[in-house]
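>>> how would this look folded up:
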Amino acid sequence: GGGEPMPGSKRKSAPGSPKTGQKKQQQRYQQQQRKQRPDDAQTSAAAANANAASAAAFGMRGIDVVRFAAACAQEIHTMDRAVTAPTGGNRLAHQTLPRHMRRRACSHNVKRLPVRLREAALAQREKERVMAGEPSKPCRRYRRRPKNLRAVHAARAEKNQWLETHIWHAKRMHMATLWNHRLALTSTAKSHRANYRAHRSACTVHDASYTTCIEVCGMGAVEHVNRVFRPTVGDATCSEVSGGLWTQGATEEGGATHLGNAFVAPASVLVCSNLETPPTGAGSHQASAAATATTATTAPALARVWVWVHPSCKAAAVSCLSQDADQDLAVGECAQPLVKLELRGPLAGAALNHVLRPADKSAPSAKLWERLKGTDPRCLPRRACLALSVWDPRLFVPQKATVRLAATQSQHSQAQPPADVLVKWPCTEAVDSGSFSLWDTEQCAALLERKSSVKQLNERRSQLMVPGGDLAPGEGDACIPVLLVQQPGVTRPPARSSGSEPPIGFGSGWDLYLPGGWAMAFWLPLVHSDAQVIGVDDRAQLLFEQGLFSFPTDFPDTEAGSAYLARVEQQAITTYQRRPASKRCNFAKLQSPFPFGPRWSFAHEATVPTTPANDDKPEQDRPLVLRSRRELLSLEQRFSGRDTGIDPRAFVTVSLRCRGKGCPDQFAQICSPPTDACKGKPLDARTRRLPLLGFVTSNGFSQARGCGFAIGLCTVGGLADLFDQQNKGKAGNRPGRTPLHTVSVHVCVRNAVSAFYREATLHVVAPPL
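Below you'll find the model as predicted:
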């Protein structure tokens, strides 16, 4: 219906329409009328004058049509111009478009308008800019100049501090604002399994320059730090193991900062004890006055100590180190800019060998580094330090896939270091790189001022006989001081009943410390050597695979950990309340009492509520966690059946391993199983309530174990009673001493969104060896 007529057919005229002859007559009449109209303004004026004369002659009064039309011609012309002109009246250029061409929101791009309206639109916007007092926007070519880009980046970095590798990460990683820094979380590509494979058999690299460095300098700085710090369970090495070499700067020492009796944060310590002059920078005036007023025979040696802590607890750590400090000591954030790169994996040394090329190969530290080439980091002394002076890596062309080449040739390289190296190292000679070291603030600043630009290096490279090759280091090239620190990774063998666990040395590697301003010079060669780049979330996941703690996630007893848990819980509440009632989980029906976060106070009570408790407000109380080595040794006696006076309401860190399918969620409940429970069958939580032992803090599927894994906190009293109950009547279950890493019990785990308890094996996390 309504289509074109068929060929050869005649369309009938619609009823009531004029005939063809009548149409032609109308057209002729219209043409005659147009011919009779005046052609110009003179004819109209003459007719008007004639009419006026005739009206005056006969004394007639009335309206002259022609003169009236001539008088209104100007008004008609103005109205027509206002309707048809591009910029008529109060309308903008884009408002003069036809209705079908208009947009609901006009674009700022003038080229989206027709060509005839672009000039008017530009004029209107320039007028608006001048009236608003805004400066003119420069062209893109001007804005993209390196000098202007650096100025814009510096302005944007004032609010949230940028790392030196920020732009490289921003193009390839998901970024977030954490701890007043703009940090990379994870790669934009799928890299979860690739990160684990590189961590296990290759190399990963992470820019940890956001870690805060607190400097303690002056007479007796080492003794003061030694009094403040206590060995901890999470990431520390006992002072007796290093044999006191950390006080000489030969090794790195791990410990924990305590403000009174409150745990603040884990930390690592580096010492420079062979200072001949007072250090420059933060607190240099106090240190200089102390060195002048005190003789070397009656006072401790002048030293400079770097304490590395998490940025979320910087203020608390400074307050802790300043407490009970002598007036001669200067405590504050290190004024010297430093860069910290973390390399983990068995081939971390292969990646560093390609980048670090010693300038003085006759130095003891350079000879030692040459002998360690190709050695797995897990075979080296724990936390041993090595200072080097290396050439600028930009002088040499990066060799791609260095890590993969080292993996294919690993059977020809030495896995174990020479025996004499293990006997003599760590030693003070390994950290003595000459008169110029990383601790020299003034020389590091001067070195950065005469740093060669990339353009200058490219011009030198273009003049080579074979363009694009390596440059021969000269006197004007930079010789950069670096500091290497070995990291042990997993230090305790797995228990026999724990199944598949990461081996000793899993996650070992190197920490590379550089002076500020040289991060990209070392970062790009490491990336070209096929090292897997990881972010903050990736690093926490790899620590989880090792069974180590991540700060502040697994430290709810600290101020930073409590703030983190409160923020996560508030985000979960906001997300839950945003959904309609029909599209969210009914926790009241599931009888889930803690759906959004842990409630540490309920772990001490015999009964647990069946309805959500305080689901609109995070908990403010912090748990009391046993972390010092002395407290954990006392806990071993408690599991051996002795009363040591430990508070049963205190918490201890544990690890969970699912015995079947399923994976624990964050803040899942850890409960004591009933004696009549059937193995392998989940229990309905709506019909049976189990005693609460604690909560999960870190969770996920562990690729190293092939099952669900979690780290959490449990009460000492409930855990000891459960251990006595499950080991009652077993032969030899009460030896003289029960090591913590052998304590294993069966527990039940319940997620907040689940109505069932599932079985898991619990192990107490023991301090590292």
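>>> Let me see the contact set for the nearest residue to G547 once chain neighbours are set aside.
Nearest non-adjacent residue to G547, counting by Cβ to Cβ, 6 or more residues apart in numbering: S655, 5.9 Å away. All C-beta spots, glycine's among them, are computed from the backbone N, C-alpha and C. S655 makes contact with G547, F709, A710, I711, G712, L762, H763, V765, according to Cβ atoms under 8 Å, 6 or more residues apart in numbering.
>>> Let me see the contact set for the first one.
Think G547. V490, E501, P502, S655, I711, V765.
>>> Show the end-to-end separation of stretch 696-710, please.
Across stretch 696-710, the terminal residues are separated by 7 Å (Cα to Cα, to the nearest Å).
>>> change the start of the numbering to 52 and stick with it
Understood, numbering begins at 52; the last thing we discussed is stretch 747-761.
>>> From the rest of the structure, what touches that stretch?
With Cβ under 8 Å, 6+ apart, stretch 747-761 has contacts from 244, 247, 251, 550-553, 557, 591-592, 595-597, 600-601, 604-605, 607, 649, 706-709, 713-719, 721, 762-764, 800, 811.
>>> Which positions in stretch 596-612 come out as buried?
596-612 (16 or more other Cβ atoms under 10 Å).
>>> Quick one: distance of it to the chain centre.
The chain centre lies 16 Å from the centre of stretch 596-612; the measure is Cα atoms, centre = their mean, to the nearest Å.
>>> pLDDT of it, averaged?
Averaging pLDDT along stretch 596-612 gives 90.
>>> so how far is the first residue of that stretch from its last?
Across stretch 596-612, first to last residue, Cα to Cα, it's 20 Å.
>>> circling back to that earlier point, among the contacts of G598, find me the one that's closest to C371.
Using Cβ to Cβ, V816 is the member of the contacts of G598 that sits closest to C371, with 24.0 Å.
>>> pretty sure that closest one is in contact with L707, am I right?
No - V816 lies out of contact with L707 (Cβ atoms under 8 Å); the separation is 10.7 Å.
>>> Overlap of the contact sets of those two?
Common contact partners of V816 and L707 (Cβ under 8 Å, 6+ apart): I762.
>>> so how many other residues sit close to the residue nearest to P388 when sequence neighbours are not counted?
Take P388 and drop its neighbours on the chain: the residue closest to it by Cβ to Cβ, 6+ apart is G567, 2.5 Å away. By other Cβ atoms under 10 Å, 14 other residues sit near G567.
>>> ok, now R118?
16.
>>> same deal with L675?
17.
>>> which residues of the stretch 602-751 of the chain fall in strands?
Assigned strands in the stretch 602-751 of the chain, in chain order: 702-709, 720-722, 734-735, 743-753 (criterion: DSSP state E, counting those that start in this stretch).
>>> Please work out which of those is packed deepest.
Stretch with highest mean neighbour count among the strands of the stretch 602-751 of the chain: strand 720-722 (a mean of 27; mean count of other Cβ atoms under 10 Å).
>>> Identify all contacting residues around it.
Strand 720-722 is touched from outside by 645, 705, 707, 741-747, 763, 765, 798-801, 803, 808, 811, 813, with contacts defined as Cβ under 8 Å, 6+ apart.
>>> switch to 7 Å and redo it
645, 707, 741-747, 763, 765, 798-801, 808 (Cβ atoms under 7 Å, 6 or more residues apart in numbering).
>>> quick one: strands adjacent to that strand?
Counting by DSSP bridges, the strands paired with strand 720-722 are strand 743-753 (antiparallel), strand 795-801 (antiparallel).
>>> where in the stretch 602-751 of the chain is pLDDT low?
In the predicted model of the stretch 602-751 of the chain, residues 656-671, 728-731 satisfy pLDDT under 70.
>>> switch to 80 and redo it
655-672, 679-681, 683-685, 687-696, 726-733, 736-739 (pLDDT under 80).
>>> What of the stretch 202-351 of the chain?
Using pLDDT under 80, the flagged stretches of the stretch 202-351 of the chain are 277-313, 324-351.
>>> Then the stretch 52-201 of the chain?
Low-confidence regions of the stretch 52-201 of the chain, defined by pLDDT under 80, span residues 52-114, 129-142, 145-146, 150, 153-159, 183-188.
>>> Thank you kindly, that will do.
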